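Novice: What shape does this take:
(4 chains)
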There are 2 protein chains.
Amino acid sequence: MLDPLMHDIDPAVREKIAALAEEMRRNGGGRDDPVRSVMGLLGDRWSTLVLLVLETGTWRHADLRRMTARLSAEQAISQRVLTLKLRALEREGFIHRDVTTDVPPKVSYRLTPLGLDLMTQVRGLIDWINTRRAPILASRAAFGEEHP
Amino acid sequence: MLDPLMHDIDPAVREKIAALAEEMRRNGGGRDDPVRSVMGLLGDRWSTLVLLVLETGTWRHADLRRMTARLSAEQAISQRVLTLKLRALEREGFIHRDVTTDVPPKVSYRLTPLGLDLMTQVRGLIDWINTRRAPILASRAAFGEEHP
DNA sequence: CCGCATCCTAGGCGATACTG
DNA sequence: CAGTATCGCCTAGGATGCGG
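Specialist: Numbering: from 1, shown residues only, chains lettered A, B, ... in the order given. Predicted structure coming up:
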């Protein structure tokens, strides 16, 4: 079934790609596939930063917003987008939303066990990138010279 | 310096957030900070899929395009965007571009050692998500019921 | 304090056609 | 075959104002 475009592909590569295709077929691959949605979240402008802050404890909505401003050293996440991202993270099961019965109600967010577990992966990735900062910047410099 | 908005934050949380702030300050945090750019790439529509294919060996541009179509089971990446993504990946130092002296020249791409190393991290993250598929989908279902 | 509705802009991505 | 140029769409994200 993959043959038509497997013409002059190296046999060893052909085997590996078949395994990859099988893996992709088993999982969804669609837009709402967890792999794509979660990696999409981690790659967006704010979600990872929000998760990093929530990793330190429980946060109120407004404090969370102000803290993103401090940490990114630029500007705060807009109120609308923060709510959007918190909803998305809550939907995936990574954070939990608490609402008190006070008037006005106080809303706070914290990581779920699943979200805490996710952060070990995210931490690993961030640390990997940070320790590879030098070769990455070197590659960018070289790339810049070859592309006038 | 963080005091003004540290009013009623839990002392234990305050310590952790200070450590996080220090970590963010040391690294850039800007738009072209490696952490943001790399995670942005991994979270976009195509880069991770391209990396997964290149993990299997060396690929020509056109074959790579056709393979993304097969693997995503939807449509192929557009020629323009594939070139864009390959350039970005090359710039970060994750893939290498080979051009033969033939006429017409043949162009092929493969992972660099750095890119291969990156894939161990990406693999870990993808595997983590795949093994958490059930709780994530369960959380989505519960979220859907609470949000009519 | 929190969330929602509205409007707006920038950028990601696809489609097509064209060059070497 | 690989890459570029142009176009148009669509979504992420910001700004503001209102209501609970």
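Novice: Could you grab the helix/strand/coil label for A:L42?
Specialist: helix (DSSP: H, G, I helix; E, B strand; the rest coil).
Novice: Spatially central residue in chain A, please.
Specialist: To find the centre residue of chain A, average its C-alpha atoms and take the closest one (CA atoms, centre = their mean): that gives A:L42, at 1.0 Å.
Novice: and it, what does it touch?
Specialist: Listed by CB atoms under 8 Å, 6 or more residues apart in numbering or on different chains, the contact partners of A:L42 are A:48, A:122, B:39, B:42-43. C-beta here means a position set from N, CA and C on the backbone, and glycine is covered the same way.
Novice: thinking A:Q75 is in contact with A:V81, fair?
Specialist: No - using CB atoms under 8 Å as the test, A:Q75 is too far from A:V81 to be in contact (11.5 Å).
Novice: For the two, indicate the residue with more neighbours.
Specialist: Comparing A:Q75 with A:V81 by other CB atoms under 10 Å in any protein chain shown, the one with more neighbours is A:V81, at 15 against 8.
Novice: what residues are up against that one?
Specialist: With contacts defined as CB under 8 Å, 6+ apart, the neighbours of A:V81 are A:45-46.
Novice: Spell out which helix or strand contains it, please.
Specialist: Secondary structure here is read from DSSP states H and E; on that basis A:V81 sits in helix A:79-92.
Novice: which of the residues in that helix are buried?
Specialist: Within helix A:79-92, the residues that qualify as buried by neighbour count (16 or more other CB atoms under 10 Å in any protein chain shown) are A:82, A:85-86, A:88-92.
Novice: Please see if that helix touches DNA strand D.
Specialist: Yes - if you take CB under 7 Å from any atom of the strand as the test, helix A:79-92 does meet DNA strand D, through A:79-81, A:84-85.
Novice: pLDDT wise, what is the residue in chain A that DNA strand C sits nearest to at?
Specialist: For chain A, the residue positioned closest to DNA strand C under CB to the nearest atom of the strand is A:A62, at a distance of 2.9 Å. pLDDT for A:A62: 94.
Novice: ok, how many other residues are close to the spatially closest residue to A:R133 that is not a sequence neighbour?
Specialist: By the measure of CB to CB, 6 or more residues apart in numbering or on different chains, the closest residue to A:R133 outside its immediate chain neighbours is B:P34, 5.5 Å from it. B:P34 is surrounded by 21 other residues when neighbours are defined as other CB under 10 Å.
Novice: Contacts only, for B:P34.
Specialist: Applying CB under 8 Å, 6+ apart, one finds that B:P34 lies in contact with A:129-130, A:132-133, A:136-137, B:28, B:92.
Novice: cool, A:G30 as well?
Specialist: Contacts of A:G30 by CB under 8 Å, 6+ apart are A:36, B:74.
Novice: State the helix or strand in which it lies.
Specialist: Take DSSP H and E as the rule and A:G30 turns out to sit in neither a helix nor a strand.
Novice: most neighbours, which of the contacts of B:P34?
Specialist: The residue in the contacts of B:P34 with the most neighbours, by other CB under 10 Å, is B:E92 (25 neighbours).
Novice: If I look at that one, what pLDDT would I see?
Specialist: Looking at B:E92, its pLDDT reads 98.
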